[in-house]
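Undergrad: pasting the structure only:
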């Protein structure tokens, strides 16, 4: 057991909520009926209406398209502080922000557990990444390890917020400030981090990078945002990316851009603008679903949240978990996680494994410069973490109950058979 108790769960078990039946991976009936889950971005007719608005405008592009400009203004208002400039993607936003601060040094400190699209812009900006390990609770940058790498040759620290988590790391931020190191937050997976989440204040950052990708909270398409209170950084967007028209509407071509085509997609912007109207409601439903699901599975042996259940500002992009293989009778490594994932998928739960290697191993130019063994927490999480993807509305508490039933069904089988069940499942799959 993990030390937590879910109120009323034993009573639910006695009522037969978590039935003792054959696992679907062995040919049993899946818990979650096909078609019961609505996958994000949960398309609706009103999204077609938004796209039609772009068609009716007769203008399918331009950085100063009224839909783009209104989206920027509305998102800035929603955050409660920042200025916003729409660009082509979250990766583009990170590149522009790093390009703006690159004269401060030669290196960027960031976490080894990361997304390649977040780390790639470091080299694109002519800088060198310096990787550090992560903490085991939020999969966020280890602020102690980060501050040890700070020095006069460091231009920025890139703080990545994974899975909807809020990675506050106040010591790293204050130390960076004292040394003139820029603080850049990758909140592509955690849109709520752009709001006042630190005891009523916003995070202390030079810039935030946000994604409007279809898998993210704005569920639009390829789209990103530079978020900052630095007007010069907002202006710097056009120094990196082509505009081909000025912000005031004049039809000109600027010869002063680096030529990256980071212009925002107007069709994506129309969807993002629509979703922004109900973003607070969406986030609350995600949080409620996450809370309900965790309450129903928290008593299971060897399972831990890769998020802070008490964080009321968590964006819950998805529902991240990790397991301790030893608690399930397995040895170290990914075998326990892989069996759990395959079993839950067979039950109809949208369970996925994110990355399986440290980020540098996905980037050919730097993969030989770093060793996974130097980042033990990262290595452990990569072997043990997974997530439930469909946590967003219109999925509700009833869907969460189905997910929980599947978890209990799989864990009951593990209690009975232990790690040998994984070998049985593998043999069946090979035979099939």
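TA: Sure, I can see it. Bear in mind the structure is a predicted one, so any value in this text is a computation, not a measurement.

Undergrad: Now stretch 192-199: average pLDDT?
TA: Stretch 192-199 shows a mean pLDDT of 98.

Undergrad: Could you list the buried residues of it?
TA: Buried residues in stretch 192-199, counted by 16 or more other C-beta atoms under 10 Å: 192-195, 197. No exception for glycine: its C-beta is placed from N, CA and C like everyone else's.

Undergrad: name the helices or strands packed onto the lengthiest helix in the chain?
TA: As assigned by DSSP state H, the longest helix anywhere in the chain is helix 397-417. Contacts defined by 3 or more C-beta pairs under 8 Å, 6 or more residues apart in numbering; DSSP states H and E place helix 397-417 against helix 279-297, helix 335-346, helix 420-431.

Undergrad: ok so, going back, now the two most distant members of the buried residues of stretch 192-199.
TA: The span of the buried residues of stretch 192-199, defined through C-beta to C-beta, is set by 194 and 197 at 8.6 Å.

Undergrad: low-confidence ranges in this protein?
TA: 1-21, 243-256, 422-432 (pLDDT under 70).

Undergrad: So what are the sheet partners of the longest strand along it and their directions?
TA: Longest strand of the chain, by residue count under DSSP state E: strand 154-160. As defined by DSSP bridges, the strand partners of strand 154-160 come to strand 107-111 (parallel), strand 182-186 (parallel).

Undergrad: how distant is the first one from the center of its chain?
TA: Just to be clear, that refers to strand 107-111. 18 Å (C-alpha atoms, centre = their mean, to the nearest Å).

Undergrad: Do a quick rundown of the strands in this protein.
TA: 83-87, 107-111, 128-132, 154-160, 182-186, 207-211, 224-228, 303-305, 319-323, 351-352, 385-388.

Undergrad: thinking again about what came up before, which residues are in contact with the longest strand of the chain?
TA: 94, 98, 101-111, 114-115, 118-119, 122, 127, 130, 140-141, 146, 150, 167, 169, 172, 176, 179, 181-186, 205-206 (C-beta atoms under 8 Å, 6 or more residues apart in numbering).

Undergrad: Can you flag which of these belong to helices?
TA: Using DSSP H, the contacts of strand 154-160 in helices are 94, 98, 101, 118-119, 122, 146, 172, 176.

Undergrad: ok, and the closest non-adjacent residue to residue 88?
TA: Excluding its sequence neighbours, the residue lying closest to residue 88 (C-beta to C-beta, 6 or more residues apart in numbering) is residue 262, at 4.2 Å.

Undergrad: Next: residue 168.
TA: In space, residue 168 is closest to residue 198, 6.2 Å off (C-beta to C-beta, 6+ apart).

Undergrad: Tell me how far the one you found lies from residue 233.
TA: Here the criterion is C-beta to C-beta, to the nearest Å. By it, residue 198 lies 21 Å from residue 233.

Undergrad: for residue 125, same thing?
TA: Residue 125 is 14 Å from residue 233, by C-beta to C-beta.

Undergrad: again with residue 154
TA: 19 Å.

Undergrad: how close does the closest residue to residue 306 other than its chain neighbours sit to residue 352?
TA: Leaving aside its sequence neighbours, residue 306 sits nearest to residue 320 (C-beta to C-beta, 6+ apart; 3.7 Å). The gap separating residue 320 from residue 352 is 10 Å, by C-beta to C-beta.

Undergrad: Give me the more crowded residue out of the two.
TA: residue 320 (24 against 13; other C-beta atoms under 10 Å).

Undergrad: thinking that one is in contact with residue 389, fair?
TA: No. Using C-beta atoms under 8 Å, residue 320 is not in contact with residue 389; the gap is 10.1 Å.

Undergrad: Any chance you could list residues touching both of those two?
TA: With C-beta under 8 Å, 6+ apart, residue 320 and residue 389 have no common neighbours.

Undergrad: contacting residues around residue 227?
TA: Here residue 227 is in contact with 75, 79, 82-84, 93, 187, 194, 207-210 (criterion: C-beta under 8 Å, 6+ apart).

Undergrad: Actually, residue 326.
TA: Counted by C-beta under 8 Å, 6+ apart, residue 326 has contacts 302, 332.

Undergrad: before we move on, the earlier item: which residues belonging to the longest strand of the chain are considered buried?
TA: 154-160.

Undergrad: Please apply the same query to stretch 140-153.
TA: Result for stretch 140-153 [16+ other C-beta under 10 Å]: buried residues 140-143, 145-147, 150.

Undergrad: Would you mind putting the residues you listed into TSV with distance to residue 307 alongside?
TA: Formatted as TSV, these follow (distance: C-beta to C-beta, whole Å):
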residue	distance to residue 307
140	10
141	16
142	17
143	18
145	21
146	20
147	24
150	27
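
Undergrad: Check those residues and tell me the two furthest apart.
TA: Maximum distance among these (C-beta to C-beta): 16.8 Å, for 140 and 150.

Undergrad: do you know how far residue 393 is from residue 270?
TA: Taken as C-beta to C-beta, the span from residue 393 to residue 270 is 20 Å.

Undergrad: Pick the one among the buried residues of stretch 140-153 closest to residue 32.
TA: Using C-beta to C-beta, those come closest to residue 32 at residue 140, 30.7 Å.
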